[in-house]
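> I would like to see how this sequence folds:
(one chain, ligands or ions: 1)
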Amino acid sequence: MSKYQQLSEQIKQQIQAGIWHVGEKLPSLRKQAAYSGLSVMTVLQAYQLLESQGWIVSQSRSGYRVAPHAELDDNKPDSAIHPAESVDINDYIFDVLQASRSPGMASYGHAYVDPLLAPRHQVNRSLTTAVRFMSIHSVVDNLPPGNAQLRHLIAQRYAAQGMQVSPDEIVITAGGLDALNLSLRAVTQPGDWVAVESPAFYGALQALENRGLKAMAIRTHPTEGIDLDALERALQTHPVRACWLMSNHQNPLGYSLSDAKKARLAELVKRYQVYLIEDDVYGELYDGEHKPHPTKAFDNSGHVLHCSSFSKTLVDAFRLGWVAAGDQAQKLQKLQLMSTVTTSVPIQLAVAHYLHNRNYEHHLKQLRRTLAERKKATYQFLNAHLPQGVNVINSQGGYFLWITLPKDSDTTALYHLALKHHISIAPGNMFATHAQFAHCFRLNASYPLDHAHKNALATLCNLIAQHIQTLVKR
Ligand SMILES: Cc1ncc(COP(=O)(O)O)c(C=O)c1O
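Numbering: from 1, shown residues only. Coordinates of the predicted model:
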């Protein structure tokens, strides 16, 4: 099969698997060429083939869309919105994460970056120095909102992106998840509706479960991101209090929203007077020349609480994050005083010392380059070894690949099978309140494609092939 025929087959399978819905726009020729590593001409040939077979239609000046009869099961009026009155996912996630922890595991299931990529020696030296010079008044000095120098340095990083965020609105937290949870507590009451992506980061679903919130899962496209028309319908029809969303390198799909979508999202939360809790823990891990803006950059009404951390970029074990919380900053500090009191002082001082004295930008540049190379190599390896009917979604930046198997597959079963071979994956059911992603899984592609990982990935591909065979026989 030639390359354009292979690509057209892949897109056909994606339409059948519900990744592309009727009427939805396919990526432009240029974008598809970038995702697939093929030339624009080859992509054009693939699109023309699909068009001649009736799968897609071309529309003057607006590219190609999925043809009306091509989709299988998604023409109900609001299949784009999945309300769940309660969330019950914590036990499942706990079991999956616990089982993935044994030593010797090829850990493609968790979300942490390969720990060997952290600048450990420099960070450790900063920690030693910080502890040596820590004042006896340090706890009081670093109470919420947190260490002044660190907040200042974070504000300067926003400024470098053209954003005006005052150190006074920044609250230092014990990691990104703490930042997100505090924000959620600040802007919701138990029983409220919160809009999330579908699929969403499981930490968001756990947080909703923990606080007794209702989840409004909004259809989210694997490469284009959340369906903002569906979000707007949800805001019109339900008393949604907050949205917990990612704009850059979404977990688990990997996409980043376009600036136009970020601007519209900021406008929507302003118009409907809801808060956006923006999870941007992967924002620094872009692949390209320019750092993508968060949605916060488009916010002129103070409705966006921007949460991030150093866990994915510097060192995961430090558990240090922050919220740029605008006028909610005081409320967050009060909530913090009622829970953790303050973020670990030596860790705050160590990161402030590192940012001030070391070359964080240089480290980030290297990290981004390495991750981009590793993800590309893993993607290519998987594409060469996976059986027909399996698609790998590879967005620009970050380090996740989202893998879709044929619709009736069960990646929880695959996950249990893979564990027996000391391989962990993150099954699709971790990322949704409904079982609509049971045929998908997320793979952490931050590891080098060395001999051991090639073996583990080849085994995983074989297990997937076996799994698909069992479906055929049923
Ligand atoms: C999307 C997303 N948000 C937040 C977090 C939590 O970040 P932290 O480890 O800084 O608490 C994670 C960690 O996996 C994540 O993937």
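> where does the protein have low pLDDT?
Scanning the chain for pLDDT under 70 picks out the ranges 17-18, 69-78, 474.
> mind listing what the strand ranked longest in it pairs with, with the direction of each?
Longest strand in the chain, counting residues (DSSP state E): strand 214-221. In the sheet, strand 214-221 lines up against strand 81-84 (antiparallel), strand 193-198 (parallel), strand 225-226 (antiparallel) (DSSP bridges).
> let's have those in TSV, adding mean neighbour count and distance to the ligand.
The C-beta positions use only the backbone N, C-alpha and C, and glycine is treated the same way. Shown next, in TSV, are these (neighbours: other Cβ atoms under 10 Å; distance: least, Cβ to the nearest ligand atom, whole Å):
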stretch	mean neighbour count	distance to the ligand
strand 81-84	18	19
strand 193-198	26	10
strand 225-226	24	14
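> can you add distance to residue 217 and give the ones you listed back as JSON lines?
Shown next, in JSON lines, are the strands paired with strand 214-221 (distance: least, Cβ to Cβ, whole Å):
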{"stretch": "strand 81-84", "distance to residue 217": "4"}
{"stretch": "strand 193-198", "distance to residue 217": "4"}
{"stretch": "strand 225-226", "distance to residue 217": "10"}
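> these: which one's closest to residue 302?
When those are compared by Cβ to Cβ, strand 193-198 sits nearest residue 302, at 18.6 Å.
> off-centre distance for the closest one?
With Cα atoms, centre = their mean, to the nearest Å as the basis, strand 193-198 stands 14 Å off its chain's centre.
> how about stretch 454-472?
The gap between where stretch 454-472 is centred and where its chain is centred comes out at 25 Å by Cα atoms, centre = their mean.
> please renumber the chain so that the first residue is 354 from this point on.
In the new numbering, first residue 354, that becomes stretch 807-825.
> in that stretch, what counts as buried?
Using 16 or more other Cβ atoms under 10 Å as the test for burial, stretch 807-825 gives 809, 810, 812, 813, 814, 816, 817, 820, 821.
> could you do stretch 575-587 as well?
Burial within stretch 575-587, assessed by neighbour count using 16+ other Cβ under 10 Å, is assigned to 575, 576, 577, 578, 579, 580, 581, 583, 584, 585, 586, 587.
> repeat that for stretch 454-469.
For stretch 454-469, the neighbour count (16+ other Cβ under 10 Å) marks 458, 459, 460, 461, 462, 463, 464, 466, 467 as buried.
> which one of these sits closest to the ligand?
residue 464 (3.4 Å; Cβ to the nearest ligand atom).
> who's in contact with that closest one?
604, 753, 779, 797 (Cβ atoms under 8 Å, 6 or more residues apart in numbering).
> same for the ligand: which of these are within range?
By Cβ under 6 Å from any ligand atom, the members of these lying near the ligand are residue 604.
> which one (most neighbours) among the contacts of residue 464?
Ranked by neighbour count (other Cβ atoms under 10 Å), those have residue 779 at the top, with 28 neighbours.
> of the buried residues of stretch 454-469, list those near the ligand.
Okay, of the buried residues of stretch 454-469 touching the ligand (Cβ under 6 Å from any ligand atom), that's residue 464.
> so which of the buried residues of stretch 454-469 are in helices?
Within these, no residue falls in helices by DSSP state H.
> make a markdown table out of the buried residues of stretch 454-469 and add distance to residue 740.
Formatted as a markdown table, the buried residues of stretch 454-469 follow (distance: Cβ to Cβ, whole Å):
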| residue | distance to residue 740 |
| --- | --- |
| 458 | 24 |
| 459 | 20 |
| 460 | 23 |
| 461 | 18 |
| 462 | 21 |
| 463 | 25 |
| 464 | 26 |
| 466 | 29 |
| 467 | 27 |
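> out of the buried residues of stretch 454-469, who's nearest residue 520?
Distance to residue 520 across the buried residues of stretch 454-469 (Cβ to Cβ) is lowest for residue 466, with 27.4 Å.
> how about the closest residue to that closest one other than its chain neighbours, what does it touch?
Once flanking residues are discounted, residue 466 sits nearest to residue 799: 4.6 Å by Cβ to Cβ, 6 or more residues apart in numbering. Residue 799 makes contact with 465, 466, 467, 470, 724, 727, 728, 752, according to Cβ under 8 Å, 6+ apart.
> 10 Å instead?
Contact analysis of residue 799 by Cβ atoms under 10 Å, 6 or more residues apart in numbering lists 460-461, 464-470, 638, 665, 720, 723-724, 727-728, 731, 751-753.
> just to be sure, it is in a helix?
No: counting by DSSP: H, G, I helix; E, B strand; the rest coil, residue 799 is not part of a helix but coil.
> for the ligand, what are the nearby residues on the chain?
Contact residues, the chain versus the ligand (Cβ under 6 Å from any ligand atom): 464, 528-530, 554, 556, 599, 604, 632, 634, 662, 664, 674.
> 8 Å instead?
463-465, 527-533, 554, 556-557, 599, 603-604, 632, 634-635, 660-665, 669, 672-674 (Cβ under 8 Å from any ligand atom).
> so which of those sit within strands?
Using DSSP E, the residues of the chain next to the ligand in strands are 632, 660, 661, 662, 674.
> make a markdown table from these and add neighbour count to it.
Putting those into a markdown table (neighbours: other Cβ atoms under 10 Å) gives the following:
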| residue | neighbour count |
| --- | --- |
| 632 | 30 |
| 660 | 31 |
| 661 | 27 |
| 662 | 26 |
| 674 | 23 |
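> and which of the residues you listed is nearest to the ligand?
Nearest member of those to the ligand, counting by Cβ to the nearest ligand atom, is residue 662, at 3.2 Å.
> hmm, that closest one is touching residue 556, no?
No: in this structure, residue 662 is not within contact of residue 556 by Cβ atoms under 10 Å, at 11.6 Å.
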